[in-house]
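Engineer: Generate coordinates for the sequence data below:
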Amino acid sequence: MTPGGLPPQSALMTQRAVFTDAYAVIPRGCMTDIVTSFLPGWRGMRMWILARPLTGFSETFSHYLVELEAGGGSDAPEIDGAAQAVLYVVAGHLSLVLDGTTSALGPGGYAYIPPGADWSVTAQDAARFHWIRKRWQPAPGVSAPTAFVTHEAKGTVIEMPDTDGRWATTRFVDPADMAHDFHVNIVTFQPGGTIPFEETHVMEHGLFVLEGKAVYRLNRDWVEVEAGDFMWLRAFCPQACYAGGPGAFRYLLYKDVNRHAGLSGTFGG
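Structural biologist: Okay, the predicted model is just below:
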């Protein structure tokens, strides 16, 4: 799915976009040329800001879908010294220089960038990638994570119990590693796979559908979603899923983990 363009004047509106007090859905049809954003210090880029902290909603992360022209990129992408990030490439090829080490990332390429890292990125050809950011939250006796670059094919695939492989998660970080206060995983459902109960938990979520289609339970609603759609869930939003096929249903998932709940009215205060 390639975002951008503009529907013709004869088209009906998408009718699936919704923002509630518990969740939001941004369908692929909403990611048009007229809602792109740009950043200082970048060349040959545009992006769609799919999530950003909002008081009273999800407060921990931002999620950008970035599009680069060949040669586009930035020598100083991050302006917040406390911000950490995950990059996940969906099209084209990037050259990532991270703390002096150069890595090539193609489709499925994944990089974790710790807070304070020195990094830059350049597109070798027209490229698109997800850029998910969160401020690292210190904890007693815990050091910040170290950088790493990998590929989706090298992730650890964990099948959910009693699902016969119909529901699996590709993980890039050990869940028991307390240095990491957020995870970005890839969740895959085979046709007929389901989340058979309404998950209700403290973790905020951003879900970008990479492949396929499904119906997702969000709070009190069943919502149809497909490749290119984005779902944004605040803490404690009930959620479930049914993947009806005909092919696999896959999404990139953000969640915040491994930290105390803030008690001062701001996250982590």
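Engineer: OK, contacts around the closest residue to M203 other than its chain neighbours?
Structural biologist: Among residues not flanking M203 along the chain, K255 sits closest, at 4.1 Å (CB to CB, 6 or more residues apart in numbering). No exception for glycine: its C-beta is placed from N, CA and C like everyone else's. Counting by CB atoms under 8 Å, 6 or more residues apart in numbering, K255 touches F182, H183, N185, M203, E204, H205.
Engineer: Would you check which pair of those lies furthest apart?
Structural biologist: Maximum pairwise distance in those, criterion CB to CB, is 14.1 Å, between N185 and E204.
Engineer: quick check, nearest of the contacts of K255 to V97?
Structural biologist: F182 (23.1 Å).
Engineer: What's opposite the closest one in the beta bridge?
Structural biologist: Applying DSSP bridges to F182 gives these bridge partners: D256.
Engineer: Run a quick neighbour tally on it.
Structural biologist: 25 (other CB atoms under 10 Å).
Engineer: If I look at the residue nearest to M203, what pLDDT would I see?
Structural biologist: At K255, the pLDDT value in this model is 98.
Engineer: can you tell me how far it sits from P138?
Structural biologist: According to CB to CB, to the nearest Å, K255 stands 19 Å off from P138.
Engineer: wait, A85 sits on Y64?
Structural biologist: No: counting by CB atoms under 8 Å, A85 sits too far from Y64 to count as a contact (9.6 Å).
Engineer: Next, show the common contact partners of the two.
Structural biologist: Counting by CB under 8 Å, 6+ apart, the residues touching both A85 and Y64 are W131, I132, R133.
Engineer: Could you single out the nearest of the contacts of K255 to D164?
Structural biologist: N185 (20.0 Å).
Engineer: Where does that closest one sit: helix, strand or coil?
Structural biologist: Secondary structure, DSSP: H, G, I helix; E, B strand; the rest coil: N185 is strand.
Engineer: Separate out the buried members of the contacts of K255.
Structural biologist: Burial by neighbour count, 16 or more other CB atoms under 10 Å: within the contacts of K255 this picks out F182, H183, N185, M203, E204, H205.
Engineer: Export those to JSON lines and append columns for pLDDT and distance to W222.
Structural biologist: Converted to JSON lines, these look like this (pLDDT from 0 to 100; distance: CB to CB, whole Å):
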{"residue": "F182", "pLDDT": "98", "distance to W222": "28"}
{"residue": "H183", "pLDDT": "98", "distance to W222": "26"}
{"residue": "N185", "pLDDT": "98", "distance to W222": "23"}
{"residue": "M203", "pLDDT": "97", "distance to W222": "21"}
{"residue": "E204", "pLDDT": "98", "distance to W222": "21"}
{"residue": "H205", "pLDDT": "98", "distance to W222": "17"}
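Engineer: how about those in CSV, adding distance to V223?
Structural biologist: Compiled in CSV, the buried ones among the contacts of K255 are given as follows (distance: CB to CB, whole Å):
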residue, distance to V223
F182, 24
H183, 23
N185, 21
M203, 19
E204, 18
H205, 14
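Engineer: Nearest to A214, out of these: which one, please.
Structural biologist: Of the buried ones among the contacts of K255, the one sitting nearest to A214 (CB to CB) turns out to be H205, at 14.8 Å.
Engineer: Name the nearest residue to E69, sequence neighbours excluded.
Structural biologist: In space, and not counting its chain neighbours, E69 is closest to G44: 3.6 Å by CB to CB, 6+ apart.
Engineer: can you count the residues close to that neighbour?
Structural biologist: 15.
Engineer: Kindly report the same for the one 4 residues further on.
Structural biologist: Here the count is done by other CB under 10 Å, and W48 has 20 residues near it.
Engineer: Are we agreed that it is in a strand?
Structural biologist: Yes: judged by three-state DSSP, W48 forms part of a strand.
Engineer: quick one: which helix or strand includes the closest residue in space to it that isn't next to it in sequence?
Structural biologist: Excluding its sequence neighbours, the residue lying closest to W48 (CB to CB, 6+ apart) is L65, at 4.5 Å. For L65, the host element (DSSP states H and E) is strand 61-74.
Engineer: hang on, the earlier thing: in strands, which of the shared contacts of A85 and Y64 fall?
Structural biologist: W131, I132, R133 (DSSP state E).
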